[in-house]
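Q: Turn this into a model:
(chains A and B)
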Amino acid sequence: MLTTLRNSTIIATLALGTAALAQDGPYAPYAGTTLVVNFPSHPHYNAVMEVLPEFTAQTGINVEVDMLPYLDMRERQTLELTLNEGAYDLIAYVVFSKADYVYADQLENLAKYFMNPRLADPNFDAKDIIDGYLQNIGVAGGEKGYLPGPTGSLFGLPFGSETSVLFYRSDIFEKHGLSVPDTYDELLELACSIPELEPGMGGVASRAASGHQAAHAFLLHLAPLGGRVFDDAWQPRINDAQGVAAAEALKRIVDCGPEGSSAFGPAEAANAFSQGQAAMFLDTIAYAPNLEDSSRSAVAGNVGYAMHPMGVTRASQTGGFGLGIPANAENKEAAFLLMQWLTSKEGDLAVAMAGGNPSRFSTYANEELNAQYPWSATFGAALEYADPDWRPIIPAWGRINADIGTTLSQVLTQGVDIQEALDGIAARTQTLMEEQGYYIWD
Amino acid sequence: MNRFSANRLTPYLFMAPAALVMLLALFYPIAYMIWGSFRSWDPSQSITETDFVGLANYMKLLADPAFHESFWVTLVFAFSVVSVEMVLGVGLALLLDRKIRGMSLLRTLFILPMMIAPVVVGLVWRYMFHQTYGTFNRMLDAVGLPRVDWLGQNPLLSVIIADIWQWTPFIFILSLAALQSLPRSALEAARIDGATPLQQIWHVKLPLMAPVLIVTLLLRLIDAFKVLEVILVLTGGGPGLQTEILALRIARTAREFRELGEAAAMSNMLLMLLMVLTLGMFAFTRWQEARARRLRFTNQEES
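A: Numbers count the residues shown, from 1 in each chain, chains lettered A, B, ... in the order given. The predicted structure follows:
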């Protein structure tokens, strides 16, 4: 009798314990774990820092953040990801690192985490995540190797991603009765008429400095004007009519832009716009908070927001950061829980309210967010047209990007002929692609 | 015999550990870089996992027009800045080598630029060259001259000006030290013989300073071939490739293109160039010293 009672007590205790464990939820097994994460020094991740204490309070999982300037971050990650045991449980990676990390088998495929009922949140609602971001930042192995497709897999989730919009001076447009440009023809016409209407003011502030900046600015125009760097057979088509049109657009924008445009990086271009030297600024949404900050911007309160103008199609850029779990991480499951929590509807909204960039359509549709940040609705609309393929994300991209950037800089500053410049890029790109083994199946 | 051998070996045995550490610390990284230059080496791989490609990285560089342009820009930059800095630095030292009230303060002020971090120098000059707000264009505005697009149209000249500003004090301080350690008797003798100040400089001071000036020139030349931060901040190597010196191309090849083997090959080529320059400079110094000895000997024989 006593034995039976004792056994019953043990069974009951075990059952209660199991029930208690079940009630503790998915985070209980990981309470007390300390995750080491690597984030960039960036407005979005500054907002994340404000939200992280809430994650620890809810889950009992501690988070230690190694925050680095984003250009140094990639170098540090390259070193850490090659070790047998890395220092990081979760990393934020720049979009063009996706190719290198996935190719070197350094990021976890997220399928097994989303398949695990103990880890996957049934309310996560992946369909709500901005599709262009998800494809650009997270998916690899599908079409062309870097886009979705039947063979594609998910290696990361967009977080701190960006797209392009047109910022314009509402007061200047009102003063001269100008319409906000919706097409490239209108944009380019206005770009050069602004300096005539407002002497001393440039049309559009744009990146143009040699290297990555000029390449970025060129690609910003290439996709809406119907161009691509490669065709479907990896043959460079950057030198076709659409490529020439994009380079001409960039040249016109720089020629009619604020003084010194040809040496502008993104900060200089944003600064030129915020100090009243340009009537328009075509770049990433990440600059909006600074442009509306009257302590930094002379044009705060006079900034209008519009969709990236349309060429033959409407296509805004996709870029920024994503979250991934290193293959050599120590606490992969807890890292997944943090990644999922941050990118959930609630997490995304909390970070956006603190000044971050939303990754979900529902966040952009949130009334509270739109009341706090009036530009949000336009950004959400622009993201319907976010183009995940505006820039190829392949391991050889670093070299091609640099070549495009330096050659276009020669077009902008040294008067090199556009067709000749693009033909040169196409020829060098083809040689490089051949070296990389792209044509051996032809 | 044994004792004799042991005595001879003892100092070497005592020196061996330190020498070994020195050798490893000095030559292991260089050997690593040389070995890496013969491999197809991606930063996501350990060097032991990489493929041996022989001279492919070197051949690729020799056929690469962008590398040729970087090489040419480096030569133009290095020889321009060093020649101007030598003339200015030595000239300033000759001017300020005198006992005037407040001279020590003036000398201290002169060497301030070389104490500033190169990144800060790059940032300061970037704003000074700014098309709208820059000091230079405001000065041009003030005298009614047209503005200059310093970083867009005259990028190499702009980085040369910034480098000259920062590193002329280096030549100045070493030249001044050399001047002040010259034997006073030789200068006195020249003065008594009626040499004009210009003749004293040309025939006495400069020849006596020559060994220090050659070493100074060499140090500055090596440094000018490796300059990176100022140009990176000021122009980022552009526009086009107009200011992409070799050090910047090496950094870009390793970091942006992720081609460590090619970057190592480029570094080795720069290393070889600097070694040839250094050896040439030392050979020239030795030849000069030998010539001076021969002249002295001939003069003694004649007298």
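
Q: Tell me the gap between the longest helix anywhere in chain B and the middle of its chain.
A: Assignment by DSSP state H gives helix B:260-302 as the longest helix of chain B. From the chain centre to the centre of helix B:260-302 is a distance of 15 Å (C-alpha atoms, centre = their mean, to the nearest Å).

Q: what packs against that helix?
A: Here helix B:260-302 touches helix B:2-36, helix B:56-62, helix B:206-226, helix B:246-255, going by 3 or more C-beta pairs under 8 Å, 6 or more residues apart in numbering or on different chains; DSSP states H and E. From N, CA and C alone the C-beta is placed, and that goes for glycine too.

Q: So which of these is the most surrounded?
A: helix B:246-255 (a mean of 22; mean count of other C-beta atoms under 10 Å in any protein chain shown).

Q: outside of it, which residues touch it?
A: Here helix B:246-255 makes contact (C-beta atoms under 8 Å, 6 or more residues apart in numbering or on different chains) with A:75, A:211, A:402, B:43, B:66-67, B:70-71, B:74, B:225-228, B:231-232, B:237, B:244, B:259-260, B:262-263, B:266-267, B:270.

Q: Kindly give a single PyMOL line that selects the buried subset of those residues.
A: This is how PyMOL selects the buried members of these, with burial counted by 16 or more other C-beta atoms under 10 Å in any protein chain shown:
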select buried, (chain A and resi 211+402) or (chain B and resi 43+66+67+70+71+74+225+227+228+231+232+237+244+259+260+262+263+266+267+270)
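
Q: follow-up on the earlier one: out of the helices and strands packed on helix B:260-302, which is closest to A:Pro122?
A: Taking C-beta to C-beta, helix B:246-255 is the member of the helices and strands packed on helix B:260-302 nearest to A:Pro122, at 42.4 Å.

Q: Just the C-alpha atoms of that closest one, please, in CSV.
A: Extracted in CSV, the C-alpha atoms of helix B:246-255 (Å, rounded to 0.1, in the frame of the first residue of the first chain):
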residue,chain,number,x,y,z
LEU,B,246,48.7,50.3,-54.2
ALA,B,247,48.1,50.1,-50.5
LEU,B,248,44.5,50.9,-51.1
ARG,B,249,44.2,48.4,-53.9
ILE,B,250,45.7,45.7,-51.7
ALA,B,251,43.3,46.5,-48.9
ARG,B,252,40.3,46.5,-51.3
THR,B,253,41.5,43.2,-53.0
ALA,B,254,41.6,41.5,-49.6
ARG,B,255,38.5,43.0,-48.0
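
Q: can you give me the angle it makes with helix B:260-302?
A: 160 degrees (axes from the mean of the first three to the mean of the last three C-alpha atoms, to 10 degrees).

Q: Centre of the chain to helix B:246-255, how far?
A: Counting by C-alpha atoms, centre = their mean, helix B:246-255 comes out at 18 Å from the chain centroid.

Q: For the closest residue in space to A:Thr407 that isn't next to it in sequence, give its distance to B:Gly236.
A: Excluding the flanking residues, the one nearest A:Thr407 by C-beta to C-beta, 6 or more residues apart in numbering or on different chains is A:Ala421, at 4.9 Å. Distance, A:Ala421 to B:Gly236, using C-beta to C-beta, to the nearest Å: 19 Å.

Q: Kindly report the same for A:Ser179.
A: A:Ser179 is 36 Å from B:Gly236, by C-beta to C-beta.

Q: These two: which has the busier surroundings?
A: B:Gly236 (25 against 8; other C-beta atoms under 10 Å in any protein chain shown).

Q: about what we covered before: since we're on the residue nearest to A:Thr407, how many residues are nearby?
A: Applying other C-beta under 10 Å, I find that A:Ala421 has 25 neighbouring residues.

Q: Before we go further, it is sitting in a strand, right?
A: No. With DSSP: H, G, I helix; E, B strand; the rest coil as the criterion, A:Ala421 is assigned helix and is not in a strand.

Q: There's contact between it and A:Thr413 in this structure, I believe.
A: No. Taking C-beta atoms under 8 Å as the definition, A:Ala421 is not a contact partner of A:Thr413, at 11.8 Å.

Q: Can you give me the domain assignment for chain A?
A: A:28-162+A:319-384, A:164-316+A:395-436 (the TED database).

Q: hmm, back to that, now do the residue nearest to A:Thr407, the pLDDT please.
A: For A:Ala421, the model assigns a pLDDT of 97.

Q: What distance do you get for it to A:Lys345?
A: 46 Å.

Q: burial measure for the single nearest residue of the stretch 1-150 of chain B relative to chain A, as a count.
A: Residue of the stretch 1-150 of chain B nearest chain A, by C-beta to the nearest C-beta: B:Gln131 (2.9 Å). Taking other C-beta under 10 Å as the criterion, the count of residues near B:Gln131 is 23.

Q: Show the backbone phi and psi for it.
A: Note on B:Gln131: its backbone torsions stand at phi -60, psi -40 [degrees, to the nearest 10].

Q: residues contacting it?
A: Here B:Gln131 is in contact with A:259-260, A:263, B:137, B:147, B:149-152 (C-beta under 8 Å, 6+ apart).

Q: A:Ile238 touches A:Ile404, doesn't it?
A: Yes. If you go by C-beta under 8 Å, A:Ile238 and A:Ile404 touch, sitting 7.3 Å apart.

Q: Between the two, tell me which one has more neighbours.
A: Higher neighbour count among A:Ile238 and A:Ile404: A:Ile404, with 29 against 24, using other C-beta under 10 Å.

Q: returning to what we had before: tell me the pLDDT at the residue of the stretch 1-150 of chain B closest to chain A?
A: Confidence score, pLDDT, at B:Gln131: 85.

Q: From B:Asp141, how far out is it?
A: 11 Å.

Q: if I look at those two, which residues touch both of them?
A: B:Arg147.

Q: Dihedrals phi and psi, the residue lying closest to A:Ile172 once chain neighbours are set aside?
A: The shortest distance from A:Ile172 to any residue other than its chain neighbours is 5.0 Å, reached at A:Ala279 (C-beta to C-beta, 6+ apart). The phi/psi pair for A:Ala279 (degrees, to the nearest 10) reads phi -90, psi -20.

Q: ok, A:Ala279 - contacts?
A: A:Ala279 makes contact with A:168-169, A:172-173, A:190, A:194, A:198, A:201-204, according to C-beta under 8 Å, 6+ apart.

Q: Distance to A:Gly304 added to those, as a markdown table?
A: A markdown table is the format used below for these (distance: C-beta to C-beta, whole Å):
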| residue | distance to A:Gly304 |
| --- | --- |
| A:Tyr168 | 5 |
| A:Arg169 | 7 |
| A:Ile172 | 10 |
| A:Phe173 | 7 |
| A:Leu190 | 13 |
| A:Ile194 | 14 |
| A:Glu198 | 16 |
| A:Met201 | 16 |
| A:Gly202 | 17 |
| A:Gly203 | 15 |
| A:Val204 | 14 |
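
Q: among these, which two are most distant?
A: Across the contacts of A:Ala279, the longest distance by C-beta to C-beta is 14.8 Å; it joins A:Phe173 and A:Gly202.

Q: quick one on the thing from earlier: buried ones only from the contacts of B:Gln131, please, as a PyMOL command.
A: The PyMOL command for the buried members of those (criterion: 16+ other C-beta under 10 Å) is given here:
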select buried, (chain A and resi 259+260+263) or (chain B and resi 137+149+150+151+152)
